[in-house]
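Undergrad: Sequence and predicted model, in that order:
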There are 4 protein chains.
Amino acid sequence: MKNELIKHSIDLFVEKGYSATSIKDIVDTLGVTKGSFYYHFTSKEELLMDIHLQYIDELLSRQKRIVETEKTSRDKLVKIVELVIRDIEKQGPIGRVYYREIRHLTPENAAIIRQKRGEFRDNIEQVMAEGIENGEFRKELQPKMITFAILGITNWSYQWFNPQGELSVGELADMYTDFILNGVLAEK
Amino acid sequence: MKNELIKHSIDLFVEKGYSATSIKDIVDTLGVTKGSFYYHFTSKEELLMDIHLQYIDELLSRQKRIVETEKTSRDKLVKIVELVIRDIEKQGPIGRVYYREIRHLTPENAAIIRQKRGEFRDNIEQVMAEGIENGEFRKELQPKMITFAILGITNWSYQWFNPQGELSVGELADMYTDFILNGVLAEK
Amino acid sequence: MKNELIKHSIDLFVEKGYSATSIKDIVDTLGVTKGSFYYHFTSKEELLMDIHLQYIDELLSRQKRIVETEKTSRDKLVKIVELVIRDIEKQGPIGRVYYREIRHLTPENAAIIRQKRGEFRDNIEQVMAEGIENGEFRKELQPKMITFAILGITNWSYQWFNPQGELSVGELADMYTDFILNGVLAEK
Amino acid sequence: MKNELIKHSIDLFVEKGYSATSIKDIVDTLGVTKGSFYYHFTSKEELLMDIHLQYIDELLSRQKRIVETEKTSRDKLVKIVELVIRDIEKQGPIGRVYYREIRHLTPENAAIIRQKRGEFRDNIEQVMAEGIENGEFRKELQPKMITFAILGITNWSYQWFNPQGELSVGELADMYTDFILNGVLAEK
DNA sequence: TATGAATGAGTGTTCATTCAT
DNA sequence: AATGAATGAACACTCATTCAT
């Protein structure tokens, strides 16, 4: 039930936004009552926090595995980009909620999520820094700014990319890793 | 007065989001009454539409001038990226409202804005296509996808970049044009 | 201008009711502004009072002439019924406002109108009483109740009768005077 | 609770009219909150529709029984008049709301009510037509117009008759059936 | 005469939340 | 684990009225 509630509320949050989605909207799609919702969640915000946590925690753990497994900075970067892009299909629309509704969390909860987001970003930044250091990436790059640029490319895809369209997530991932590598790889 | 209302509401929409900002919030910051708001706007949504129109129309007209003035595809691309990045400082926080709140427009109004967004994107796409054709840009690039990547980089900056921070908009623009050019320019 | 305002507001009051008609509705149909309305009327209620007064005063004066002019009770009654029925066409929809919106007058103004309504009713009642006394009408009738019955027949016509329909006001008046006379005239 | 709300709102609608009665007025008389009102009704108009339906449905079903039970046209007519007049006391002031506030229903709902009103009128018309055919009523009568006259007499009573006054509903009913019969019965 | 801008109280309605059952 | 009823604060919006110009 709790998972059902989460699943349906994500769809609604994507479609109408968190503020514009009422508890009634959520429970109506499941045919249960509001009281039932409040048995499983103490507040609407707790639900939102659950969604955020679930998403970022999975992303972080998979990112960690990549960093530990891959050898070269180049491969680490490629795999992380692929992770985020391919997730558009797998995790579905949750990503859009994730980037948009953080301001509706309480300051404390927002801080927790921001910290985890920071971790994810820091991990990319570190890959960049290592790559620059070991000569894989160009020396002039500023790891922090390039990280934001990469996140911009990938996150923005959640806004416009349709996995059911003419391009598959795989093709999009290939295209973008290619583009990014061209921007960062040192000339041979 | 109408302009004052627009200005203050942008700040509030940035901070709390459109749905979470009440008309009362807006008029209170100006010390006027709700009745006054409704003298100038027929609805909250009209205000949001005004904000969207004002923003995209200015962007479009400046983009048009760039495309007409600059000679090479490279310069066109550089200037457009600069236009968007430097706007973070000039137009201030309005950009964040622009990308986030479109779903609160009526379908008709949203369609109008989406069409103008499409124009802006199409213009970049055309610059890419021209550059590829005349040999300035790499042959393998897909104009459409690269355009989305560029928009991802620039738009995402509205989410995190602080013009009062250690980096100026000018420096960020330089960095990003450099990164993008590296990704698209054909080897010499 | 004042007369224009009265004329258009009657139409709106008929259509939507007094409460549901706003000053804005009224002035919009004339293309003027609210300030203009308040130059001519001190309040919305004053307008309503004007409408009531105009209507009842004309009715009363015409009724008075009938009572003074006609000889028999029967003719007095017939002419009064005709007066009210034929007015559906002449005065148009004002009658419907008259009977419906009196409760939106201030108590003082409502009292004035009710008193004039009372006069109109009393005059009919007196015709009935005279007719009974002089043997024209049946002895068993109670003037007061019959008066209300007659007013019911005539006033109700304002609710359903369409002067542009298959029946003319003249025909309706004939039919109803006939029906009423059958109910009240003493057998010969 | 729902019934309580209906009961109290009828009183207020009678007194001040539908438009001039606010939800707050209604719930304040019961000491509950607006939220509670909206738990039971989806809108103010739904409440108005409920009132209309409740009234006309009962009237129609009782009218139907009369038409099926009574033998002569005369008796049918007498019983129907009595039904409406006696209802002033039983159903109380609801009748006044019924005839006055129909224009505040949505067009769809108004159509439903108007159709039921039409049925009630048609049933009387048919009694008239039968009575004329079988010789009980005068040949010259036009069933439709006489029906409106009868409805005028009875409905108007809702506006002025006070069941607690000097006359009882029974006496009023007798008086009016007598008056109407005099107007319609064929001479013997 | 008329306007345009503003007011402030009020309207119908929504909604997150509570709680006895 | 879930319901049905209720709350109360908030919301977008309306409107009669005022008033300087």
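TA: Thanks, I have it. Numbering: from 1, shown residues only, chains lettered A, B, ... in the order given.
Undergrad: Only C-alpha atoms from now on, for both contacts and neighbour counts.
TA: OK.
Undergrad: Next one: A:Gly152 from B:Ser157, what distance?
TA: 7 Å (CA to CA, to the nearest Å).
Undergrad: Kindly report the same for A:Gly95.
TA: For A:Gly95, the distance to B:Ser157 - CA to CA - is 18 Å.
Undergrad: what about A:Ala111, how many residues close to it?
TA: A:Ala111 has 13 neighbouring residues, counting by other CA atoms under 10 Å in any protein chain shown.
Undergrad: same check, this time on A:Asp178
TA: Considering only other CA under 10 Å, A:Asp178 is surrounded by 14 other residues.
Undergrad: And for A:Leu185?
TA: 19.
Undergrad: what's the nearest residue to it if we skip its chain neighbours?
TA: Counting by CA to CA, 6 or more residues apart in numbering or on different chains, A:Leu185 lies nearest to A:Phe137, which is 4.4 Å off, once chain neighbours are set aside.
Undergrad: Around A:Gln164, count how many other residues there are.
TA: Applying other CA under 10 Å, we find 9 residues neighbouring A:Gln164.
Undergrad: Looking at A:Tyr38 now. What's its pLDDT?
TA: Looking at A:Tyr38, its pLDDT stands at 94.
Undergrad: Ignore what I typed, I meant A:Ala173.
TA: Listed pLDDT for A:Ala173 reads 94.
Undergrad: Likewise for A:Lys188?
TA: Per the predicted model, pLDDT is 59 at A:Lys188.
Undergrad: Please identify the helix or strand for whatever residue of chain A ends up closest to DNA strand F.
TA: Nearest to DNA strand F in chain A, going by CA to the nearest atom of the strand, is A:Gly35, at a distance of 2.9 Å. Assigned by DSSP states H and E, A:Gly35 falls within helix A:34-40.
Undergrad: do the same with A:Asp174
TA: Judged by DSSP H and E, A:Asp174 forms part of helix A:169-184.
Undergrad: Same check on A:Ser9?
TA: helix A:2-16.
Undergrad: Which strands and helices lie in contact with that helix?
TA: In terms of contact count using 3 or more CA pairs under 8 Å, 6 or more residues apart in numbering or on different chains; DSSP states H and E, helix A:2-16 is assigned the packing partners helix A:23-30, helix A:44-69, helix A:94-100.
Undergrad: between the ones you listed, which gets nearest to C:Asp87?
TA: Among those, helix A:23-30 comes nearest to C:Asp87, with 54.7 Å by CA to CA.
Undergrad: does chain D sit close to the closest one?
TA: No: on the criterion CA under 8 Å from any CA of the partner chain, helix A:23-30 is out of touch with chain D, staying 12.3 Å away.
Undergrad: Is DNA strand E within reach of that helix?
TA: Yes: contact of helix A:23-30 with DNA strand E (CA under 7 Å from any atom of the strand) involves A:23-24.
Undergrad: Go through that helix and flag the buried ones.
TA: By neighbour count with 16 or more other CA atoms under 10 Å in any protein chain shown, helix A:23-30 contains the buried residues A:26-27.
Undergrad: Pull stretch A:99-113 out as PDB, backbone CA atoms only.
TA: The C-alpha trace of stretch A:99-113 is given here as PDB (Å, rounded to 0.1, in the frame of the first residue of the first chain):
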ATOM      1  CA  TYR A  99      14.900  18.200  -9.400                       C
ATOM      2  CA  ARG A 100      11.800  20.300  -9.100                       C
ATOM      3  CA  GLU A 101      10.200  19.900  -5.800                       C
ATOM      4  CA  ILE A 102      13.000  20.100  -3.300                       C
ATOM      5  CA  ARG A 103      11.900  23.500  -2.100                       C
ATOM      6  CA  HIS A 104       8.800  21.900  -0.700                       C
ATOM      7  CA  LEU A 105      10.800  19.900   1.800                       C
ATOM      8  CA  THR A 106      11.300  21.300   5.300                       C
ATOM      9  CA  PRO A 107      14.700  23.000   5.600                       C
ATOM     10  CA  GLU A 108      16.100  20.100   7.600                       C
ATOM     11  CA  ASN A 109      15.000  17.500   5.000                       C
ATOM     12  CA  ALA A 110      16.100  19.700   2.100                       C
ATOM     13  CA  ALA A 111      19.500  20.000   3.700                       C
ATOM     14  CA  ILE A 112      19.800  16.200   3.900                       C
ATOM     15  CA  ILE A 113      18.900  15.800   0.200                       C
END
